[in-house]
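J.: Make a model of this:
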Amino acid sequence: MSTEFTFAIKSTCFDEDYRPSDNTRITTNFANLARGESRQENLRNTLKMIDNRFNALAHWDNPTGDRYSVNLDIISVQMRFEGQGNDRDLPVIEILKTSVVDRKTNECIEGIVGNNFSSYVRDYDFSVLLPEYARHQHEFGAPENFGDLHGKLFKCFVNSKTYKDNFAKAPVICLSVSSSKTYHRTENRHPVLGVEYHQDEYSLTDEYFKKMGMKVRYFMPANSAAPLAFYFSGDLLRDYTDLELISTISTMDTFQKIYRPEIYNANSAAGKSYQPSLKHQDYSLTRIVYDREERSRLAAEQGRYAEEHFIKPYRAILEQWSAQSHF
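T.: Next up, the predicted model:
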């Protein structure tokens, strides 16, 4: 019996009243902020940081620095197997979509879809499969087929009718640079993305996203403390407008200042040769409450959840589909 995957998406507004649904990955950046006693203050401060960062970068025709506001929608992706007598929708991916409100013209401008990236299968790969591999092999590394299934699932979604009916452009994911690599500043400078960095060797995350059909470039925008990693499938510099790029920078630079202040809220900016470190001591904290240890623990729990509810029950179907799929 042949297997076909279909996708459905649900959009949820991320604002100061946001509350995670029961099936939202609780390690997701936005979901983590929306829990506990400080939830509404966390959300309000985060959104204000994003708006301030956007206006600082979009400074032209913006003399008072308050022309723009960024709206965020959480895009939750569910997958269903067709042709298997299975009518259960499985949550697989969550991403963010930005849009920009121009207060001067009262126009709502499309932003970029992607930005943050959350995936149950990625939790399984990095929090269950990799540690098990390291224990058995007694060395750091990854299995030969590491990321193959996840990559094909992601490409299947991006190539699906569901994606194309809802989004006009390919996704851009923006993440932290790797603390295991050294980055070197180049002479290339983009008016919005900032100065470009290169590295001599790709990280495991870079290789993982390559299997998702995405290339990577590293840029440090103006007034940032460290480069950001931008993952994309087309031409990052030509396919997106300045305001689209700024919407991603302002959103993800803000999240990184909260979650990795040692790198992105450091009191001195990255130099010509830069190796990020979460052990760096000279940094400032935001006013936003966040428990990083809890997030790491929950990632492992959700990796095991993915194993129990996705990988194990559907292993035969997934392996057959993966072997037959060519993207």
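J.: What is the neighbour count of the closest residue to F232 other than its chain neighbours?
T.: Leaving aside its sequence neighbours, F232 sits nearest to V172 (C-beta to C-beta, 6 or more residues apart in numbering; 4.9 Å). Placement of C-beta: from N, CA and C, glycine included. By other C-beta atoms under 10 Å, 26 other residues sit near V172.
J.: Could you shift the numbering so residue one becomes 27, and keep it that way?
T.: Sure, I'll start numbering at 27, so the last one becomes V198.
J.: List the contacts of V198.
T.: 138-141, 256-258, 262, 266, 274 (C-beta atoms under 8 Å, 6 or more residues apart in numbering).
J.: Recalculate using a threshold of 10 Å.
T.: When contacts are counted by C-beta atoms under 10 Å, 6 or more residues apart in numbering, V198 is found next to 121, 137-141, 143, 240, 256-260, 262, 265-266, 270-271, 273-274, 278.
J.: What of V147?
T.: 118-119, 155, 173, 175-177, 179-180, 329, 332-333, 336-337, 344.
J.: got the buried residues for stretch 291-300?
T.: By neighbour count on 16 or more other C-beta atoms under 10 Å, the buried set for stretch 291-300 is 291-292, 296, 300.
J.: Settle this for me: Y150 is touching E333, isn't it.
T.: Yes. Assessed by C-beta atoms under 10 Å, Y150 is found in contact with E333 at 5.4 Å.
J.: which one of those two has more residues nearby?
T.: Neighbours per residue (other C-beta under 10 Å) separate Y150 from E333, with Y150 holding more: 23 against 19.
J.: pLDDT score for that one?
T.: Here the pLDDT value assigned to Y150 is 91.
J.: For it, give its distance to Q328.
T.: Counting by C-beta to C-beta, to the nearest Å, the gap from Y150 to Q328 is 8 Å.
J.: what does V315 give?
T.: 21 Å.
J.: So for these two, which residue has more residues nearby?
T.: With neighbours defined as other C-beta under 10 Å, V315 and Q328 compare such that Q328 has more, 22 against 17.
J.: burial count for the nearest residue to that one once chain neighbours are set aside?
T.: In space, and not counting its chain neighbours, Q328 is closest to D149: 4.6 Å by C-beta to C-beta, 6+ apart. As a burial measure, D149 scores 23 neighbours (other C-beta under 10 Å).
J.: ditto for G329
T.: G329: 24 neighbours (other C-beta under 10 Å).
J.: How about it: what's its closest non-neighbour residue?
T.: Nearest one to G329, counting by C-beta to C-beta, 6+ apart, is S153 at 3.4 Å.
J.: Assign the one you found to helix, strand or coil.
T.: On the three-state scheme (DSSP: H, G, I helix; E, B strand; the rest coil), S153 is labelled helix.
J.: isn't it right up against Y159?
T.: No. Here S153 does not reach Y159: they are 11.9 Å apart, not a contact under C-beta under 10 Å.
J.: These two: who's more crowded?
T.: Using other C-beta under 10 Å, the more surrounded residue of S153 and Y159 is S153, with 21 against 15.
J.: what's the distance between that one and Q328?
T.: Distance check for S153 against Q328: by C-beta to C-beta, it reads 7 Å.
J.: No more questions from me, cheers.
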